[in-house]
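Novice: whatever this is, show me its structure:
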Amino acid sequence: MIFSELGCLMFAEKTPVALPAAAGASEVEPHGADTVWGRVRARLRAELGEDIFTSWFARLDLVSIADGVAHLSVPTRFLRSWLHGHYIDRIEAMFAEERDDVRKVSIALREAGQKVVLARISPASPPAGGPSSAPAAADVVVAATPPGATPTRAQDYFESSPLDRRLVFSTFHIGRSNILAHSAALQVVQAAPADMPVYNPLFVHSAVGLGKTHLLQATAQAVAANGRRVIYLTAEKFMYGFVAALRSQTALAFKETLRAIDLLVIDDAQFLNGKQVQQEFCHTLNALIDAGKQVIVAADRSPADLESLDERIQSRLAGGLVVEIGALDEALRLKVLESRIQTARMRLPGFAIAPDVIAHVAQLVTANGRDLEGAVNRLLAHATLSGGPLDKEGAELAIRDLIRTHEPKKVKIEDIQRLVANHYNVSRADILSSRRTATVVRPRQIAMYLAKLLTLRSLPEIGRRFGGRDHTTVLHAVRKIDGLVARDTSLAGEIDHLKRMLQE
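Specialist: Reported below is the predicted structural model:
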């Protein structure tokens, strides 16, 4: 997991906070323990290099060695999680080599004025599928703020969204719908620290369940594994952290924490609300991009469609690379199903589905990747409870609630504007402009008419998307074209043709 407690590494003071020895300890050897810890630190520095050691181990302190356990402490949850996910096995091995009776390493979170609970953090052995399929660590260090106490640092409020260790590049399946987004994400991962980002910001958008969060988390974890500083946040986490920092008067620390990283990843940007929050988000974007730091943002629609966002943010996001992850084609759905079924076999070795049944399910379940995962769970349950092999009819019965009727294509106002502009040989900029010539007014009115007919947008929303026009202008256009269609069969035919093209 990657936590935005990263800021604590930069802002925490150097003075260590003393921790009590672990409960039930039978012996504590300060002098001998310090000697062992000194040798372990020296080996870590020599093996990993000065930069990595300074970044991740300089604030790691030894508390005690007791009952075969080396108790260490760190000042931030981020640092504890990072060491747990990347270096715990190596630290344990070094302690065991330096001292035979040390079998485990435990890391606690140290906070002044807080109760610290030591917890075992050595990860469990990964499943047969390898590290990429291992679930996120479940062990937790609890640091309880005393009742009535008010946190005074931005980091006390500003915790990163957790990363799922299953969502990595090795488990991301590539098809025609996502190959461009995948390639752009790989460029971010492969860039050298000194390189200026090629695509900045990188904006990824898609409907629900098509893999954008998987791609973002895979990118964040891969970049962090290269030793670079990463913060992954949902829009909700960003808003919570900023508002909490304002209330605690630690907004400056909040800003400095964000601006001191190498990669900022914001997911679900469509939920960013509030004037102050959006202003700070815009300032953060500008500061990071101008400093050559990479920014990746994801949402459920393109920047131009995020009406709730400030125009400056929309413009900044659109100024980078905007890529869409489209619907999963049948070949990609088949890949995802086969992968999910292979994972399910690890839990139930006898679980098997014939290839023709898998292909049949891939044809039936077309909505998104989450429905495919749900289909595998239903097939697994059906096979477990019935005890017999699954044929096509049985599979259909098991997944009947996931088989959705074909829904009309969701039409975007931008698509309407582009299609109408091309059809009438004008530019989209002309349609959005204030020009009043007949060659522009009629296409503009037709585009407004189609926007009202084929989308769920309100008249004021449509007006804003057509160059900031008033809703009465849109209403006039709709009534005008409606009247003309009733009298002019040629125009009615043109509009029917445009409707079919937009809905195909």
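
Novice: tell me where the stretch 1-150 of the chain has strands.
Specialist: Using DSSP state E, counting those that start in this stretch, the strands of the stretch 1-150 of the chain run over 61-66, 69-74, 104-109, 115-116, 143-144.

Novice: nearest to Arg259, out of the ones you listed?
Specialist: Closest approach to Arg259 among the strands of the stretch 1-150 of the chain (Cβ to Cβ): strand 69-74, 23.1 Å. Where you see a C-beta, it was placed from the backbone N, CA and C, and this is true even at glycine.

Novice: so which elements touch that closest one?
Specialist: Applying 3 or more Cβ pairs under 8 Å, 6 or more residues apart in numbering; DSSP states H and E, one finds that strand 69-74 contacts strand 61-66, strand 104-109.

Novice: just to revisit the earlier point, distance to Thr384, mean pLDDT and mean neighbour count added to the strands of the stretch 1-150 of the chain, as a markdown table?
Specialist: Output for the strands of the stretch 1-150 of the chain, formatted as a markdown table (distance: least, Cβ to Cβ, whole Å; pLDDT from 0 to 100; neighbours: other Cβ atoms under 10 Å):
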| stretch | distance to Thr384 | mean pLDDT | mean neighbour count |
| --- | --- | --- | --- |
| strand 61-66 | 46 | 86 | 21 |
| strand 69-74 | 40 | 88 | 24 |
| strand 104-109 | 37 | 88 | 22 |
| strand 115-116 | 43 | 34 | 14 |
| strand 143-144 | 41 | 28 | 14 |
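
Novice: can you put these in CSV and add distance to Ile325?
Specialist: As requested, the strands of the stretch 1-150 of the chain are exported to CSV (distance: least, Cβ to Cβ, whole Å):
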stretch, distance to Ile325
strand 61-66, 44
strand 69-74, 37
strand 104-109, 37
strand 115-116, 43
strand 143-144, 38
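
Novice: contacts only, for Leu432.
Specialist: Counting by Cβ atoms under 8 Å, 6 or more residues apart in numbering, Leu432 touches 417, 466-467.

Novice: buried among those residues? Need that as a selection in ChimeraX.
Specialist: Selecting only the buried entries of the contacts of Leu432 in ChimeraX, with 16 or more other Cβ atoms under 10 Å as the criterion:
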select :417,466
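
Novice: name the nearest of the contacts of Leu432 relative to Leu210.
Specialist: The shortest approach to Leu210 among the contacts of Leu432 belongs to Gln417, at 24.6 Å (Cβ to Cβ).

Novice: chain center to stretch 299-319, what's the gap?
Specialist: Centroid separation for stretch 299-319 versus its chain: 17 Å, with Cα atoms, centre = their mean, to the nearest Å.

Novice: and it, average pLDDT?
Specialist: Average pLDDT, stretch 299-319: 85.

Novice: can you give the contact residues for it?
Specialist: Taking Cβ under 8 Å, 6+ apart as the rule, stretch 299-319 contacts 201, 203, 205-208, 268-270, 272-273, 275, 278-279, 281-282, 285-286, 289, 297, 322, 324, 412-414, 461, 464-465.

Novice: between its first and last residues, how far does it reach?
Specialist: Start-to-end span of stretch 299-319 (Cα to Cα, to the nearest Å) is 16 Å.

Novice: buried ones in it?
Specialist: 299-306, 309, 313-314, 316-317.

Novice: so can I have a markdown table of those residues showing distance to Glu98?
Specialist: As requested, the buried residues of stretch 299-319 are arranged in a markdown table below (distance: Cβ to Cβ, whole Å):
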| residue | distance to Glu98 |
| --- | --- |
| Ala299 | 50 |
| Asp300 | 52 |
| Arg301 | 56 |
| Ser302 | 56 |
| Pro303 | 54 |
| Ala304 | 59 |
| Asp305 | 58 |
| Leu306 | 55 |
| Leu309 | 54 |
| Ile313 | 53 |
| Gln314 | 57 |
| Arg316 | 52 |
| Leu317 | 51 |
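
Novice: quick one: which two of the residues you listed are the most distant?
Specialist: Going by Cβ to Cβ, the pair spanning these furthest: Asp300 and Arg316, at 18.5 Å.

Novice: and stretch 88-99, average pLDDT?
Specialist: In the prediction, stretch 88-99 has an average pLDDT of 87.

Novice: now do that stretch: distance to the chain's middle.
Specialist: Taking the mean of its C-alpha atoms, stretch 88-99 sits 34 Å from the chain's own mean (Cα atoms, centre = their mean).

Novice: can you list the buried residues in that stretch?
Specialist: In stretch 88-99, the ones that count as buried by 16+ other Cβ under 10 Å are 88, 90-92, 94-96, 98-99.

Novice: picking up where we left off before, kindly supply the ChimeraX command isolating those of the contacts of stretch 299-319 that are buried.
Specialist: Listed next is the ChimeraX selection for buried residues among these, using 16+ other Cβ under 10 Å:
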select :201,203,205,206,268,269,270,272,278,281,282,285,289,297,322,324,412,413,461,464,465
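
Novice: from the contacts of stretch 299-319, which ones fall inside helices?
Specialist: Judged by DSSP state H, those include 275, 278-279, 281-282, 285-286, 289, 413-414, 461, 464-465 as members of helices.

Novice: check contacts around Leu419.
Specialist: For Leu419, the contact set (Cβ under 8 Å, 6+ apart) comprises 498, 501-502.

Novice: so after the host helix or strand of Tyr232, what's the next helix or strand?
Specialist: Per DSSP states H and E: Tyr232 is located in strand 230-234. Counting by DSSP H and E, the next helix or strand C-terminal to strand 230-234 is helix 235-247.
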